[in-house]
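Quick one, fold the following:
(one chain, ligands or ions: 1)
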Amino acid sequence: MPSDTVATPTRRVPPPKQLSANPVVRVLDDARAEFRVRRRGAYPPGPKDFSMSRTLQAARDPLPLLLSLYEEHGPIFCARLLHSQVVFMLGPEANHFITVSNPENFHWREGSFGDLIPLLGDGLLTIDDAYHDRAREIMMPAFHREQVAAAVEAMRVETEAAIATLSPSEVVDIYEWMRGLAMRIAMRALLGLDPDDAGKGAAAAEHFERALGFYGIDFHLRLLRGPGSPWSKMVASRAVLDEIVYGEISRRRRDPDEGRHDILSLLIGVEDDAGEGFSDKEVRDQVMTLMFAGHDTSTSTLTFMMHELARHPDVLVRLQAEQDEVLGGEAPDIDRLEREMPYLDMVLDEVLRLYPPAWIGPRRAVRDFEFGGHAVKRGTYVNYCSWASHRIPEVFPDPEAFIPERFTRERKAALPRGAYVPFGGGRRICIGKRFGQTEVKLVATMLLQQLRLDAMPGRTMAIRQMPTLSPKGGLKMRVLPRSSES
Ligand code: HEM
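Numbering: from 1, shown residues only. Modelled structure (predicted):
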(Lines give C-alpha, C1' and ligand atoms only; values in the text may rest on other atoms or scores of the structure.)
Protein backbone atom coordinates (compact mmCIF):
# COMPACT_ATOMS: atom_id res chain seq x y z
CA MET A 1 0.00 0.00 0.00
CA PRO A 2 1.47 3.44 -0.84
CA SER A 3 2.49 5.19 2.35
CA ASP A 4 0.29 8.23 1.81
CA THR A 5 -3.01 6.43 1.59
CA VAL A 6 -5.14 5.43 4.55
CA ALA A 7 -6.21 1.92 5.34
CA THR A 8 -9.99 1.88 4.89
CA PRO A 9 -12.62 4.42 3.94
CA THR A 10 -14.38 5.61 7.05
CA ARG A 11 -17.77 7.16 7.70
CA ARG A 12 -18.49 10.09 9.96
CA VAL A 13 -17.39 9.45 13.52
CA PRO A 14 -17.81 11.77 16.51
CA PRO A 15 -15.11 14.42 17.00
CA PRO A 16 -12.52 13.76 19.69
CA LYS A 17 -12.85 14.72 23.34
CA GLN A 18 -11.83 18.30 24.08
CA LEU A 19 -8.77 18.60 26.31
CA SER A 20 -8.29 21.30 28.89
CA ALA A 21 -6.14 24.26 27.83
CA ASN A 22 -5.47 25.08 31.47
CA PRO A 23 -1.77 24.37 32.14
CA VAL A 24 -2.40 23.45 35.79
CA VAL A 25 -4.98 20.85 34.77
CA ARG A 26 -2.54 19.47 32.20
CA VAL A 27 0.31 19.17 34.71
CA LEU A 28 -2.01 17.38 37.16
CA ASP A 29 -3.20 15.04 34.39
CA ASP A 30 0.42 14.27 33.54
CA ALA A 31 1.20 13.48 37.19
CA ARG A 32 -1.81 11.15 37.39
CA ALA A 33 -0.81 9.44 34.13
CA GLU A 34 2.74 8.92 35.41
CA PHE A 35 1.38 7.43 38.63
CA ARG A 36 -0.73 4.97 36.65
CA VAL A 37 2.19 4.02 34.36
CA ARG A 38 4.50 3.47 37.32
CA ARG A 39 1.97 1.19 39.01
CA ARG A 40 1.92 -0.98 35.91
CA GLY A 41 5.64 -1.21 35.18
CA ALA A 42 8.86 0.66 34.51
CA TYR A 43 10.03 3.13 31.89
CA PRO A 44 12.83 2.34 29.41
CA PRO A 45 16.36 3.22 30.63
CA GLY A 46 17.57 6.82 30.93
CA PRO A 47 17.78 9.67 33.46
CA LYS A 48 14.52 9.84 35.41
CA ASP A 49 15.43 12.23 38.19
CA PHE A 50 14.24 15.83 38.00
CA SER A 51 16.97 18.02 36.49
CA MET A 52 16.49 21.67 35.64
CA SER A 53 19.66 21.73 33.54
CA ARG A 54 18.46 18.75 31.45
CA THR A 55 15.05 20.37 31.06
CA LEU A 56 16.64 23.64 29.94
CA GLN A 57 18.97 21.88 27.55
CA ALA A 58 16.02 20.01 26.05
CA ALA A 59 14.23 23.33 25.59
CA ARG A 60 17.22 25.21 24.16
CA ASP A 61 19.43 22.73 22.36
CA PRO A 62 17.95 19.21 22.40
CA LEU A 63 20.04 17.64 19.63
CA PRO A 64 23.28 16.95 21.62
CA LEU A 65 21.22 15.68 24.56
CA LEU A 66 19.24 13.26 22.41
CA LEU A 67 22.31 12.01 20.55
CA SER A 68 24.26 11.39 23.75
CA LEU A 69 21.32 9.50 25.32
CA TYR A 70 21.07 7.47 22.11
CA GLU A 71 24.81 6.63 22.36
CA GLU A 72 24.36 5.57 25.95
CA HIS A 73 21.07 3.67 25.81
CA GLY A 74 20.33 2.83 22.17
CA PRO A 75 17.20 3.51 20.10
CA ILE A 76 14.76 3.77 23.00
CA PHE A 77 15.31 5.72 26.20
CA CYS A 78 13.46 7.85 28.68
CA ALA A 79 14.32 11.23 30.17
CA ARG A 80 12.47 13.34 32.71
CA LEU A 81 11.84 16.75 31.19
CA LEU A 82 10.34 19.23 33.63
CA HIS A 83 7.55 17.27 35.32
CA SER A 84 7.16 14.44 32.77
CA GLN A 85 8.93 11.25 31.83
CA VAL A 86 9.30 11.32 28.06
CA VAL A 87 10.30 8.32 25.97
CA PHE A 88 12.29 8.99 22.79
CA MET A 89 12.62 6.45 20.01
CA LEU A 90 15.35 7.21 17.47
CA GLY A 91 16.72 5.66 14.31
CA PRO A 92 15.25 3.91 11.27
CA GLU A 93 13.46 1.07 13.07
CA ALA A 94 11.95 3.37 15.66
CA ASN A 95 10.68 5.82 13.04
CA HIS A 96 9.19 2.99 11.03
CA PHE A 97 7.61 1.43 14.12
CA ILE A 98 5.85 4.66 15.13
CA THR A 99 4.81 5.97 11.75
CA VAL A 100 4.25 2.92 9.57
CA SER A 101 4.06 -0.46 11.30
CA ASN A 102 2.36 0.42 14.61
CA PRO A 103 0.73 3.87 14.33
CA GLU A 104 -2.39 2.60 16.14
CA ASN A 105 -0.32 2.46 19.34
CA PHE A 106 -0.10 6.23 19.40
CA HIS A 107 -2.13 9.42 19.52
CA TRP A 108 -0.88 12.82 18.43
CA ARG A 109 -3.60 14.69 20.31
CA GLU A 110 -2.53 13.71 23.81
CA GLY A 111 1.17 14.12 22.92
CA SER A 112 3.40 16.93 24.10
CA PHE A 113 2.31 19.45 21.43
CA GLY A 114 -1.31 19.42 22.60
CA ASP A 115 -1.12 23.11 23.46
CA LEU A 116 -1.51 23.80 19.73
CA ILE A 117 -5.13 22.67 19.92
CA PRO A 118 -6.52 26.00 21.19
CA LEU A 119 -5.36 27.63 17.94
CA LEU A 120 -5.65 24.79 15.45
CA GLY A 121 -8.73 23.04 16.78
CA ASP A 122 -9.35 19.54 15.49
CA GLY A 123 -7.41 19.54 12.21
CA LEU A 124 -5.42 16.64 10.75
CA LEU A 125 -2.44 17.15 13.00
CA THR A 126 -4.30 17.00 16.29
CA ILE A 127 -6.80 14.20 15.64
CA ASP A 128 -6.36 10.44 15.59
CA ASP A 129 -7.83 7.09 14.61
CA ALA A 130 -11.01 6.90 12.53
CA TYR A 131 -11.81 10.63 12.86
CA HIS A 132 -8.36 11.43 11.45
CA ASP A 133 -8.53 8.81 8.71
CA ARG A 134 -11.91 9.99 7.45
CA ALA A 135 -10.80 13.61 7.36
CA ARG A 136 -7.58 12.70 5.64
CA GLU A 137 -9.28 10.59 3.05
CA ILE A 138 -11.69 13.30 2.02
CA MET A 139 -8.93 15.93 2.00
CA MET A 140 -6.46 13.98 -0.15
CA PRO A 141 -7.87 15.16 -3.52
CA ALA A 142 -7.17 18.77 -2.52
CA PHE A 143 -3.46 17.88 -2.46
CA HIS A 144 -3.22 15.92 -5.68
CA ARG A 145 -0.72 16.98 -8.27
CA GLU A 146 -3.19 18.97 -10.37
CA GLN A 147 -4.20 21.04 -7.34
CA VAL A 148 -0.59 21.83 -6.52
CA ALA A 149 -0.02 22.65 -10.19
CA ALA A 150 -2.93 25.11 -9.95
CA ALA A 151 -1.16 26.84 -7.04
CA VAL A 152 2.09 27.20 -8.99
CA GLU A 153 0.91 30.32 -10.82
CA ALA A 154 0.26 32.10 -7.50
CA MET A 155 3.66 30.91 -6.27
CA ARG A 156 5.35 32.29 -9.38
CA VAL A 157 3.62 35.67 -9.30
CA GLU A 158 4.29 36.17 -5.60
CA THR A 159 7.92 35.04 -5.88
CA GLU A 160 8.61 37.38 -8.76
CA ALA A 161 7.19 40.31 -6.80
CA ALA A 162 9.17 39.36 -3.69
CA ILE A 163 12.42 39.08 -5.68
CA ALA A 164 11.78 42.54 -7.12
CA THR A 165 12.02 43.96 -3.59
CA LEU A 166 15.63 42.73 -3.24
CA SER A 167 18.35 45.04 -4.46
CA PRO A 168 21.90 43.89 -5.09
CA SER A 169 24.38 44.61 -2.32
CA GLU A 170 21.69 45.13 0.33
CA VAL A 171 21.58 42.95 3.41
CA VAL A 172 18.34 41.02 3.82
CA ASP A 173 17.00 38.75 6.52
CA ILE A 174 16.24 35.87 4.20
CA TYR A 175 14.14 34.13 6.85
CA GLU A 176 11.84 37.15 7.21
CA TRP A 177 11.75 37.61 3.44
CA MET A 178 10.66 34.02 2.87
CA ARG A 179 8.21 34.18 5.76
CA GLY A 180 6.44 37.11 4.15
CA LEU A 181 6.45 35.40 0.76
CA ALA A 182 5.23 32.04 2.14
CA MET A 183 2.41 33.82 3.95
CA ARG A 184 1.29 35.58 0.78
CA ILE A 185 1.37 32.27 -1.11
CA ALA A 186 -0.62 30.61 1.68
CA MET A 187 -3.22 33.41 1.67
CA ARG A 188 -3.82 32.89 -2.03
CA ALA A 189 -3.38 29.15 -2.44
CA LEU A 190 -4.81 27.93 0.85
CA LEU A 191 -7.40 30.55 1.75
CA GLY A 192 -8.06 32.13 -1.64
CA LEU A 193 -7.67 35.61 -0.15
CA ASP A 194 -5.94 38.60 -1.67
CA PRO A 195 -2.90 39.28 0.55
CA ASP A 196 -3.20 42.99 -0.27
CA ASP A 197 -6.81 43.23 0.90
CA ALA A 198 -6.45 45.05 4.22
CA GLY A 199 -9.86 43.85 5.40
CA LYS A 200 -9.25 40.13 4.92
CA GLY A 201 -6.04 38.74 3.39
CA ALA A 202 -3.63 41.15 5.05
CA ALA A 203 -5.50 41.03 8.36
CA ALA A 204 -5.59 37.24 8.31
CA ALA A 205 -1.84 37.12 7.59
CA GLU A 206 -1.06 39.56 10.38
CA HIS A 207 -3.19 37.81 12.97
CA PHE A 208 -2.01 34.38 11.96
CA GLU A 209 1.60 35.48 12.52
CA ARG A 210 0.64 37.02 15.85
CA ALA A 211 -1.16 33.88 17.00
CA LEU A 212 1.76 31.70 15.91
CA GLY A 213 4.13 33.93 17.86
CA PHE A 214 2.61 32.49 21.04
CA TYR A 215 4.16 29.09 20.28
CA GLY A 216 7.64 30.52 19.76
CA ILE A 217 7.99 32.08 23.22
CA ASP A 218 9.47 30.41 26.30
CA PHE A 219 7.36 27.73 27.93
CA HIS A 220 6.90 29.58 31.24
CA LEU A 221 5.52 32.64 29.43
CA ARG A 222 2.98 30.43 27.70
CA LEU A 223 1.60 29.46 31.10
CA LEU A 224 0.59 33.03 31.96
CA ARG A 225 -3.10 33.93 31.73
CA GLY A 226 -5.06 37.15 32.14
CA PRO A 227 -5.27 40.49 30.33
CA GLY A 228 -2.14 41.45 28.39
CA SER A 229 -0.64 37.94 28.64
CA PRO A 230 0.71 36.21 25.51
CA TRP A 231 -2.19 33.76 25.85
CA SER A 232 -4.84 36.49 25.75
CA LYS A 233 -3.15 38.07 22.72
CA MET A 234 -3.18 34.71 20.97
CA VAL A 235 -6.88 34.30 21.80
CA ALA A 236 -7.63 37.80 20.46
CA SER A 237 -5.84 37.08 17.17
CA ARG A 238 -7.63 33.75 16.93
CA ALA A 239 -10.95 35.58 17.22
CA VAL A 240 -10.05 37.87 14.29
CA LEU A 241 -8.94 34.88 12.21
CA ASP A 242 -12.11 32.99 13.05
CA GLU A 243 -14.27 35.89 11.97
CA ILE A 244 -12.47 36.09 8.62
CA VAL A 245 -12.40 32.33 7.97
CA TYR A 246 -16.00 31.64 9.08
CA GLY A 247 -17.13 34.68 7.06
CA GLU A 248 -15.44 33.24 3.96
CA ILE A 249 -16.89 29.78 4.57
CA SER A 250 -20.46 31.04 4.76
CA ARG A 251 -19.96 33.41 1.83
CA ARG A 252 -18.63 30.60 -0.36
CA ARG A 253 -21.32 28.15 0.75
CA ARG A 254 -23.94 30.73 -0.20
CA ASP A 255 -22.29 31.64 -3.45
CA PRO A 256 -20.17 28.74 -4.75
CA ASP A 257 -17.72 29.48 -7.54
CA GLU A 258 -16.42 26.45 -9.44
CA GLY A 259 -13.55 28.50 -10.81
CA ARG A 260 -11.90 28.71 -7.39
CA HIS A 261 -9.01 26.30 -6.81
CA ASP A 262 -7.86 27.39 -3.38
CA ILE A 263 -7.85 24.73 -0.66
CA LEU A 264 -10.47 26.44 1.51
CA SER A 265 -12.96 26.36 -1.36
CA LEU A 266 -12.09 22.74 -2.13
CA LEU A 267 -12.59 21.70 1.49
CA ILE A 268 -16.02 23.32 1.52
CA GLY A 269 -16.99 21.06 -1.37
CA VAL A 270 -15.35 17.74 -0.41
CA GLU A 271 -17.41 14.71 0.65
CA ASP A 272 -16.81 11.25 2.06
CA ASP A 273 -18.05 8.06 0.42
CA ALA A 274 -21.45 8.56 2.09
CA GLY A 275 -21.80 12.00 0.51
CA GLU A 276 -21.16 13.88 3.75
CA GLY A 277 -18.83 16.85 3.86
CA PHE A 278 -17.13 18.91 6.54
CA SER A 279 -19.02 21.14 8.95
CA ASP A 280 -17.99 24.82 9.10
CA LYS A 281 -15.94 24.13 12.20
CA GLU A 282 -14.19 21.21 10.55
CA VAL A 283 -13.30 23.33 7.52
CA ARG A 284 -12.02 26.10 9.81
CA ASP A 285 -9.90 23.72 11.87
CA GLN A 286 -8.46 22.02 8.81
CA VAL A 287 -7.39 25.22 7.06
CA MET A 288 -5.94 26.64 10.26
CA THR A 289 -3.93 23.43 10.62
CA LEU A 290 -2.74 23.58 7.02
CA MET A 291 -1.65 27.18 7.47
CA PHE A 292 0.25 26.22 10.59
CA ALA A 293 1.82 23.05 9.22
CA GLY A 294 2.82 24.62 5.91
CA HIS A 295 4.06 28.05 6.86
CA ASP A 296 7.08 27.70 9.15
CA THR A 297 8.17 24.51 7.44
CA SER A 298 8.53 25.97 3.93
CA THR A 299 10.02 29.19 5.31
CA SER A 300 12.73 27.41 7.29
CA THR A 301 13.56 24.94 4.54
CA LEU A 302 14.23 27.70 2.00
CA THR A 303 16.31 29.62 4.56
CA PHE A 304 18.41 26.61 5.54
CA MET A 305 18.95 25.87 1.86
CA MET A 306 20.30 29.38 1.22
CA HIS A 307 22.52 29.05 4.29
CA GLU A 308 24.08 25.82 3.05
CA LEU A 309 24.45 27.04 -0.54
CA ALA A 310 26.36 30.09 0.66
CA ARG A 311 28.76 27.74 2.45
CA HIS A 312 29.10 25.38 -0.52
CA PRO A 313 29.78 27.37 -3.71
CA ASP A 314 30.52 24.16 -5.63
CA VAL A 315 26.98 22.93 -4.93
CA LEU A 316 25.54 26.30 -5.94
CA VAL A 317 27.43 26.26 -9.25
CA ARG A 318 26.12 22.77 -10.05
CA LEU A 319 22.59 23.75 -9.11
CA GLN A 320 22.68 26.82 -11.31
CA ALA A 321 24.13 24.80 -14.19
CA GLU A 322 21.16 22.42 -13.92
CA GLN A 323 18.75 25.36 -13.86
CA ASP A 324 20.32 26.88 -16.96
CA GLU A 325 20.27 23.61 -18.83
CA VAL A 326 16.67 22.76 -17.99
CA LEU A 327 15.03 26.17 -17.89
CA GLY A 328 17.32 28.35 -20.01
CA GLY A 329 16.21 31.39 -18.03
CA GLU A 330 12.47 30.60 -18.16
CA ALA A 331 10.33 30.45 -15.02
CA PRO A 332 10.04 26.93 -13.57
CA ASP A 333 6.86 24.86 -13.89
CA ILE A 334 5.79 21.83 -11.90
CA ASP A 335 6.74 19.32 -14.62
CA ARG A 336 10.31 20.46 -14.88
CA LEU A 337 10.65 20.96 -11.13
CA GLU A 338 9.46 17.42 -10.48
CA ARG A 339 11.00 15.52 -13.35
CA GLU A 340 13.98 17.30 -14.79
CA MET A 341 15.95 18.77 -11.92
CA PRO A 342 17.36 15.82 -9.95
CA TYR A 343 20.22 17.80 -8.43
CA LEU A 344 17.75 20.30 -6.95
CA ASP A 345 15.96 17.32 -5.38
CA MET A 346 19.22 16.05 -3.92
CA VAL A 347 20.05 19.46 -2.44
CA LEU A 348 16.57 19.74 -0.94
CA ASP A 349 16.78 16.21 0.49
CA GLU A 350 20.11 16.97 2.13
CA VAL A 351 18.80 20.27 3.57
CA LEU A 352 15.84 18.40 5.05
CA ARG A 353 18.14 15.73 6.45
CA LEU A 354 20.20 18.26 8.38
CA TYR A 355 17.32 20.56 9.27
CA PRO A 356 13.95 18.80 9.17
CA PRO A 357 11.70 21.69 10.27
CA ALA A 358 9.03 19.41 11.78
CA TRP A 359 11.82 17.86 13.83
CA ILE A 360 9.79 15.93 16.34
CA GLY A 361 6.83 13.57 16.10
CA PRO A 362 5.03 14.07 19.40
CA ARG A 363 2.83 11.17 20.48
CA ARG A 364 1.22 9.52 23.51
CA ALA A 365 1.10 5.72 23.75
CA VAL A 366 -2.54 4.59 23.86
CA ARG A 367 -1.62 0.88 24.12
CA ASP A 368 1.13 -1.01 25.88
CA PHE A 369 3.86 -2.07 23.46
CA GLU A 370 7.41 -3.36 23.33
CA PHE A 371 10.28 -1.97 21.30
CA GLY A 372 13.97 -2.85 21.38
CA GLY A 373 13.46 -5.19 24.33
CA HIS A 374 11.75 -2.53 26.48
CA ALA A 375 8.13 -2.29 27.51
CA VAL A 376 6.28 1.01 27.16
CA LYS A 377 2.98 1.45 28.96
CA ARG A 378 -0.06 3.26 27.60
CA GLY A 379 -0.23 6.83 28.86
CA THR A 380 3.51 7.46 28.24
CA TYR A 381 4.72 10.40 26.16
CA VAL A 382 6.62 8.95 23.19
CA ASN A 383 8.42 11.04 20.55
CA TYR A 384 10.20 10.14 17.38
CA CYS A 385 12.73 12.68 16.19
CA SER A 386 13.83 13.08 12.59
CA TRP A 387 16.46 15.69 13.49
CA ALA A 388 18.39 13.32 15.76
CA SER A 389 17.66 10.23 13.62
CA HIS A 390 19.13 11.98 10.57
CA ARG A 391 22.40 12.53 12.42
CA ILE A 392 23.14 8.98 13.50
CA PRO A 393 26.60 8.22 12.02
CA GLU A 394 25.89 4.53 11.40
CA VAL A 395 23.05 5.56 9.10
CA PHE A 396 24.43 8.82 7.66
CA PRO A 397 28.26 8.73 7.81
CA ASP A 398 29.87 12.10 8.59
CA PRO A 399 26.43 13.32 9.62
CA GLU A 400 27.31 17.00 10.11
CA ALA A 401 28.62 17.39 6.55
CA PHE A 402 26.38 18.81 3.81
CA ILE A 403 26.65 16.26 0.97
CA PRO A 404 23.75 16.26 -1.55
CA GLU A 405 25.29 13.19 -3.23
CA ARG A 406 23.93 11.09 -0.35
CA PHE A 407 20.60 11.42 -2.14
CA THR A 408 21.27 10.19 -5.64
CA ARG A 409 18.30 8.08 -6.64
CA GLU A 410 20.19 4.82 -5.98
CA ARG A 411 21.61 5.84 -2.62
CA LYS A 412 18.28 7.17 -1.42
CA ALA A 413 16.58 3.92 -2.39
CA ALA A 414 19.27 1.94 -0.51
CA LEU A 415 18.64 3.71 2.84
CA PRO A 416 17.08 1.50 5.49
CA ARG A 417 13.33 2.04 5.76
CA GLY A 418 12.52 4.71 8.31
CA ALA A 419 16.01 6.24 8.05
CA TYR A 420 14.91 9.44 6.33
CA VAL A 421 11.66 10.92 7.60
CA PRO A 422 11.54 14.70 7.08
CA PHE A 423 7.86 14.37 6.12
CA GLY A 424 7.01 11.66 8.66
CA GLY A 425 5.52 8.45 7.29
CA GLY A 426 2.59 6.07 7.06
CA ARG A 427 -0.98 7.23 7.51
CA ARG A 428 0.13 10.62 8.88
CA ILE A 429 2.79 11.41 6.30
CA CYS A 430 2.75 15.11 5.49
CA ILE A 431 -0.30 15.79 3.35
CA GLY A 432 1.34 18.98 2.03
CA LYS A 433 4.59 17.28 1.00
CA ARG A 434 4.22 17.98 -2.70
CA PHE A 435 2.95 21.51 -2.07
CA GLY A 436 5.87 22.29 0.27
CA GLN A 437 8.51 20.73 -1.98
CA THR A 438 7.17 22.57 -5.02
CA GLU A 439 7.06 25.87 -3.18
CA VAL A 440 10.61 25.62 -1.84
CA LYS A 441 12.05 24.40 -5.15
CA LEU A 442 10.24 27.09 -7.13
CA VAL A 443 11.28 29.96 -4.86
CA ALA A 444 14.88 28.72 -4.66
CA THR A 445 15.07 28.34 -8.43
CA MET A 446 13.64 31.75 -9.24
CA LEU A 447 15.84 33.40 -6.63
CA LEU A 448 19.03 31.74 -7.83
CA GLN A 449 18.24 32.42 -11.49
CA GLN A 450 18.72 36.09 -10.70
CA LEU A 451 20.69 36.54 -7.52
CA ARG A 452 23.28 35.11 -5.20
CA LEU A 453 23.04 35.26 -1.42
CA ASP A 454 26.27 35.45 0.55
CA ALA A 455 26.75 34.72 4.23
CA MET A 456 27.62 37.70 6.41
CA PRO A 457 31.27 37.45 7.48
CA GLY A 458 31.69 36.20 11.04
CA ARG A 459 28.01 35.31 11.46
CA THR A 460 27.13 31.82 12.66
CA MET A 461 23.65 30.38 12.63
CA ALA A 462 22.04 29.20 15.85
CA ILE A 463 18.88 27.09 15.68
CA ARG A 464 15.64 27.54 17.53
CA GLN A 465 13.35 24.53 17.58
CA MET A 466 9.96 25.72 18.83
CA PRO A 467 7.59 24.88 17.39
CA THR A 468 9.62 24.11 14.23
CA LEU A 469 13.34 24.41 13.45
CA SER A 470 14.32 27.88 12.33
CA PRO A 471 17.41 30.09 12.46
CA LYS A 472 17.41 31.86 15.82
CA GLY A 473 16.96 35.60 15.26
CA GLY A 474 16.55 35.11 11.50
CA LEU A 475 19.35 34.87 8.94
CA LYS A 476 20.91 37.99 7.43
CA MET A 477 22.54 37.53 4.04
CA ARG A 478 24.03 39.86 1.45
CA VAL A 479 22.21 40.04 -1.89
CA LEU A 480 24.47 40.06 -4.95
CA PRO A 481 23.84 39.82 -8.68
CA ARG A 482 24.05 36.19 -9.70
CA SER A 483 27.24 36.54 -11.69
CA SER A 484 29.34 38.63 -9.28
CA GLU A 485 32.61 37.40 -7.75
CA SER A 486 32.89 36.97 -3.96
C1 HEM B 1 9.11 21.53 3.58
C2 HEM B 1 7.89 21.55 4.00
C3 HEM B 1 7.26 20.60 4.98
C4 HEM B 1 7.81 19.69 5.85
C5 HEM B 1 9.28 19.38 6.06
C6 HEM B 1 6.72 19.03 6.54
C7 HEM B 1 6.88 18.02 7.48
C8 HEM B 1 5.83 17.32 8.07
C9 HEM B 1 6.00 16.19 8.97
C10 HEM B 1 7.31 15.62 9.47
C11 HEM B 1 4.76 15.75 9.30
C12 HEM B 1 4.42 14.56 10.20
C13 HEM B 1 4.44 14.96 11.67
C14 HEM B 1 4.24 13.80 12.61
O15 HEM B 1 4.42 12.63 12.26
O16 HEM B 1 3.91 14.07 13.78
C17 HEM B 1 3.81 16.61 8.63
C18 HEM B 1 2.45 16.49 8.74
C19 HEM B 1 1.57 17.37 8.17
N20 HEM B 1 1.87 18.38 7.28
FE21 HEM B 1 3.69 18.90 6.62
N22 HEM B 1 5.54 19.57 6.10
C23 HEM B 1 5.82 20.52 5.15
C24 HEM B 1 4.91 21.27 4.45
C25 HEM B 1 3.56 21.21 4.60
C26 HEM B 1 2.61 22.01 3.87
C27 HEM B 1 2.98 23.02 2.79
C28 HEM B 1 1.37 21.68 4.35
C29 HEM B 1 0.02 22.19 3.96
C30 HEM B 1 -0.23 22.94 2.94
C31 HEM B 1 1.55 20.67 5.38
C32 HEM B 1 0.53 20.07 6.09
C33 HEM B 1 0.70 19.01 6.96
C34 HEM B 1 -0.40 18.38 7.67
C35 HEM B 1 -1.86 18.79 7.63
C36 HEM B 1 0.15 17.35 8.42
C37 HEM B 1 -0.60 16.35 9.31
C38 HEM B 1 -0.92 15.12 8.48
C39 HEM B 1 -1.67 14.05 9.23
O40 HEM B 1 -1.47 13.89 10.43
O41 HEM B 1 -2.48 13.35 8.59
N42 HEM B 1 2.89 20.40 5.50
N43 HEM B 1 4.49 17.54 7.87
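
Torsion angles phi and psi at the residue in the chain that the ligand sits nearest to?
Nearest residue of the chain to the ligand: residue 432, at 2.1 Å (C-beta to the nearest ligand atom). Just so you know, the C-beta spots here come from the backbone N, C-alpha and C atoms, and that holds for glycine as well. For residue 432, the backbone dihedrals (degrees, to the nearest 10) come out as phi -100, psi 20.

if I pick it, what's in contact with it?
Residues near residue 432 by C-beta atoms under 8 Å, 6 or more residues apart in numbering: 143, 290, 293-294.

is it true that residue 468 touches residue 301?
No: using C-beta atoms under 8 Å, residue 468 is not in contact with residue 301; the gap is 9.7 Å.

circling back to that earlier point, can you tell me which of the contacts of residue 432 are up against the ligand?
Near the ligand, taking C-beta under 6 Å from any ligand atom as the test, the members of the contacts of residue 432 found are 290, 293-294.

Out of those, which comes closest to residue 62?
Ranked by distance to residue 62 (C-beta to C-beta), these are led by residue 293 at 20.5 Å.

Any idea how many residues pack against that closest one?
Number of residues near residue 293 (other C-beta atoms under 10 Å) recorded here: 22.

Double-check it against residue 428; I have them as touching.
No: between residue 293 and residue 428 there is no contact under C-beta under 8 Å: 11.1 Å.

what sits in contact with each of these two?
With C-beta under 8 Å, 6+ apart as the test, residue 293 and residue 428 both reach residue 124.

show me the contacts for residue 202.
Residues near residue 202 by C-beta under 8 Å, 6+ apart: 195-196.

helix, strand or coil for it?
Under DSSP: H, G, I helix; E, B strand; the rest coil, the three-state class of residue 202 is helix.

Quickly note the distance from it to residue 92.
Per C-beta to C-beta, to the nearest Å, residue 202 is found 44 Å from residue 92.

Ok, residue 318 next?
As judged by C-beta to C-beta, residue 318 and residue 92 stand 29 Å apart.

in stretch 333-345, what counts as buried?
By neighbour count on 16 or more other C-beta atoms under 10 Å, the buried set for stretch 333-345 is 333-334, 336-338, 341, 343-345.

follow-up on the earlier one: which residues do residue 468 and residue 301 both contact?
The contact sets of residue 468 and residue 301 overlap at residue 357 (C-beta under 8 Å, 6+ apart).

So which of those two has more stuff around it?
Neighbour totals were compared for residue 468 and residue 301, and residue 301 leads with 29 against 23 (other C-beta under 10 Å).

Can you pull out the low-pLDDT segments for the protein?
1-11, 484-486 (pLDDT under 70).

got the residues of it near the ligand?
Checking the chain against the ligand by C-beta under 6 Å from any ligand atom, the hits are 108, 124-125, 136, 289-290, 293-294, 297-298, 301, 352, 356-358, 361, 422-424, 428, 430-432, 435-436, 440.

Just the ones in helices from these, please.
136, 289-290, 293-294, 297-298, 301, 352, 435-436, 440 (DSSP state H).

now the residues you listed as JSON lines including distance to residue 256?
Formatted as JSON lines, those follow (distance: C-beta to C-beta, whole Å):
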{"residue": "136", "distance to residue 256": "24"}
{"residue": "289", "distance to residue 256": "23"}
{"residue": "290", "distance to residue 256": "20"}
{"residue": "293", "distance to residue 256": "26"}
{"residue": "294", "distance to residue 256": "25"}
{"residue": "297", "distance to residue 256": "31"}
{"residue": "298", "distance to residue 256": "29"}
{"residue": "301", "distance to residue 256": "34"}
{"residue": "352", "distance to residue 256": "38"}
{"residue": "435", "distance to residue 256": "23"}
{"residue": "436", "distance to residue 256": "28"}
{"residue": "440", "distance to residue 256": "32"}
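
just curious, which of these is nearest to residue 447?
Comparing these against residue 447 with C-beta to C-beta places residue 440 closest, at 10.6 Å.

my guess is the closest one meets residue 306, correct?
No: if you go by C-beta under 8 Å, residue 440 and residue 306 don't touch, sitting 10.6 Å apart.

any common contacting residues for those two?
In terms of C-beta under 8 Å, 6+ apart, residue 440 and residue 306 are not both contacted by any residue.

what helix or strand is residue 59 on?
Applying DSSP states H and E as the criterion places residue 59 in helix 52-60.

Need the contact partners of whichever helix or strand comes after that helix.
Next helix or strand after helix 52-60 toward the C-terminus (DSSP H and E): helix 62-73. When contacts are defined by C-beta under 8 Å, 6+ apart, helix 62-73 is touched by residues 44-47, 54, 57-58, 77, 79, 88, 90-91, 385, 387-388, 391-392, 465.

can you rerun that using 6 Å?
Under the contact criterion C-beta atoms under 6 Å, 6 or more residues apart in numbering, helix 62-73 has outside partners 45-46, 57-58, 77, 90, 388.

what inclination does that helix have with respect to helix 52-60?
Calculated by axes from the mean of the first three to the mean of the last three C-alpha atoms, to 10 degrees, helix 62-73 forms an angle of 120 degrees with helix 52-60.

And the helix or strand just after helix 62-73, what does it pack against?
Reading on from helix 62-73 to the C-terminus, the next helix or strand found by DSSP H and E is strand 76-81. Judged by 3 or more C-beta pairs under 6 Å, 6 or more residues apart in numbering; DSSP states H and E, strand 76-81 is in contact with strand 84-89.

Quickly run through the sheet partners of the strand it packs on, with directions.
Take DSSP bridges as the rule and strand 84-89 pairs in its sheet with strand 76-81 (antiparallel), strand 381-385 (parallel).

could you point out which element follows it?
Taking DSSP H and E, what comes next after strand 84-89 is helix 92-96.

How far off centre is that following helix?
With C-alpha atoms, centre = their mean, to the nearest Å as the basis, helix 92-96 stands 19 Å off its chain's centre.

With stretch 440-452 instead?
On C-alpha atoms, centre = their mean, the centre of stretch 440-452 falls 21 Å from the chain's centre.
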